[in-house]
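Asks: need a structure here:
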Amino acid sequence: MELLLKGVAIGIGATVLMDLWAVFLWKVFRQARPNWAPVGRWFWHLKNGTLFHDDIGKAEPHTSELALGWIGHYAVGILYGVILALIVGQAWFAVPTFLPAFVLGIVTVGAGWFLLQPGLGIGVAASKLPNANQVRVLNLVSHTVFALGLYGTALLLR
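Replies: The predicted model follows:
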């Protein structure tokens, strides 16, 4: 049980750091802030068995899709934290190292590229967007920040 709780904690810590990174990009570089409403709409439509949309903006909206998007964002971050905790075990928490967190952070980019982005209708690895390469780089950097959050939170838990 302690391992699961630590996984939840590092998942929350990593997701918070990723969100702070997004605020930094927005404030300093005028990068658009993440909009979790389309993700919430996507999560909502999963109940109907609809995984992929041509354009999530054309799917039936849900009144609480923004809140659902935020909940989903944190739920996935927590899930990733628990997965890391189960993979590395209790010994890693005694002496955390960055490499396992980094590997998980980069691997999780695949969920965005091959599941979420096509699910939203923007193509595999954002291929339908005019700035697809920029989105891909930002995805990799953001998930590296997420990995730093996993590692940093584990250090705080020691």
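Asks: Now for L4, how many residues are close by?
Replies: 12 (other CB atoms under 10 Å). Where you see a C-beta, it was placed from the backbone N, CA and C, and this is true even at glycine.
Asks: I'd say it and L84 touch.
Replies: No: using CB atoms under 8 Å, L4 is not in contact with L84, being 11.5 Å away.
Asks: As a check, name the ranges of all strands in the chain.
Replies: Assigned by DSSP state E, the strands in the chain number zero.
Asks: mind listing the helices for this protein?
Replies: 2-29, 37-46, 65-94, 98-111, 117-120, 132-157 (DSSP state H).
Asks: If we ignore the residues flanking it in sequence, what's nearest R41?
Replies: E65 (4.5 Å; CB to CB, 6 or more residues apart in numbering).
Asks: and what of W92?
Replies: Take W92 and drop its neighbours on the chain: the residue closest to it by CB to CB, 6+ apart is P100, 6.5 Å away.
Asks: cool, G13 as well?
Replies: Going by CB to CB, 6+ apart, G13 has T153 as its nearest residue, at 3.0 Å.
Asks: Please report the distance of the closest residue to V124 other than its chain neighbours from V16.
Replies: In space, not counting the residues next to it along the chain, V124 is nearest to P118; the distance is 5.4 Å by CB to CB, 6+ apart. Counting by CB to CB, to the nearest Å, the gap from P118 to V16 is 27 Å.
Asks: Sweet, I'm off.
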